[in-house]
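**Student:** kindly generate the corresponding structure for this input.
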Amino acid sequence: MELKKREETTLKEVVLTISDSLYKYLTFLEKSLFIKSKEEALSTALEFYKRLAMHDWLPNAYRMGGGRVLIMDSSMLADLFHGLSNREIFNAGKASAIKRKLTNLFFRDLDFTDSASWSVVMRELEIMGWGKFSNVKNEVKVEGCPLPAPYLQGYFEGMFVYEFERHPSNIPNVSVFIAKKKKSELLGEF
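**Tutor:** Reported below is the predicted structural model:
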């Protein structure tokens, strides 16, 4: 049996000066056991800073992956979808996915007909706060997503070039989609 060499990360120390209000906030979080330590909280915050590409953010204009990010309450999002039919919601999801595929540099060289590539998209959706995504072969499980199922189905079909069928779940806030057959690469009707 061959043992793989274990990679070790070298940690660097940074001395940081923060305001009294931030220090009090971190102390409150630590005492309330929301965080293990102030150091861990600051490290986690920097990881999110990196994941969300916050170095590109400007006051009142947040950007991520070449696009603008809008932070809004999920009830506002539900209001947007309320006046649309399921077919319109599906088509909006499909159009969003096709546009995202064309504009996201990380997606350009991926073969989305291979379900092994789907994790790249799912990771991006998780980072953007869409919920938790996992897949096994041709099955996609979505947990805690505020978007309606027809939107997700359209998004998956537009992104992965398969027809997806939603399967019922007895678990609240969990949706399961199963890829059925490949669709044409053409945009199709909207």
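**Student:** quick one: strands adjacent to the helix or strand containing Glu163?
**Tutor:** Per DSSP states H and E: Glu163 is located in strand 162-167. Strand partners for strand 162-167, identified by DSSP bridges, are recorded as strand 174-182 (antiparallel).
**Student:** can you list contacts of the partner strand?
**Tutor:** 113, 115, 138-143, 145, 149, 152-153, 156, 160-169 (CB atoms under 8 Å, 6 or more residues apart in numbering). For every residue, glycine as well, the C-beta is placed using N, CA and C.
**Student:** try 6 Å
**Tutor:** Strand 174-182 has contacts (CB atoms under 6 Å, 6 or more residues apart in numbering) with 138-143, 149, 156, 162-167, 169.
**Student:** mind listing what's buried along that strand?
**Tutor:** Ser175, Phe177, Ala179 (16 or more other CB atoms under 10 Å).
**Student:** ditto for stretch 14-27
**Tutor:** Leu26.
**Student:** can you check stretch 166-175 too?
**Tutor:** Arg166, Ser175.
**Student:** tell me, what residue is most central in this structure?
**Tutor:** The centre of the chain sits closest to Leu125, judged by CA atoms, centre = their mean, with a distance of 1.6 Å.
**Student:** could you give the mean pLDDT of the helix or strand where that one lies?
**Tutor:** For Leu125, the element it lies in under DSSP H and E is helix 118-127. The pLDDT scores in helix 118-127 average 88.
**Student:** export it to CSV, keeping only CA atoms.
**Tutor:** What follows is helix 118-127, C-alpha atoms only, in CSV (Å, rounded to 0.1, in the frame of the first residue of the first chain):
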residue,chain,number,x,y,z
TRP,A,118,-21.6,19.3,-11.7
SER,A,119,-19.9,19.8,-8.4
VAL,A,120,-18.2,23.0,-9.7
VAL,A,121,-21.6,24.6,-10.3
MET,A,122,-23.1,23.3,-7.1
ARG,A,123,-20.2,24.8,-5.1
GLU,A,124,-20.7,28.2,-6.7
LEU,A,125,-24.4,28.0,-5.9
GLU,A,126,-23.6,27.2,-2.2
ILE,A,127,-21.2,30.1,-2.0
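**Student:** and the angle from it to strand 162-167?
**Tutor:** 60 degrees (axes from the mean of the first three to the mean of the last three CA atoms, to 10 degrees).
**Student:** ok, residues contacting helix 118-127?
**Tutor:** Arg51, Phe133, Asn135, Met159.
**Student:** which SS state does the second one fall under?
**Tutor:** It refers to Phe133. strand (DSSP: H, G, I helix; E, B strand; the rest coil).
**Student:** distance of the closest residue to it other than its chain neighbours from Lys99?
**Tutor:** Leaving aside its chain neighbours, Phe133 sits nearest to Met122 (3.6 Å; criterion: CB to CB, 6 or more residues apart in numbering). Taking CB to CB, to the nearest Å as the measure, Met122 falls 18 Å from Lys99.
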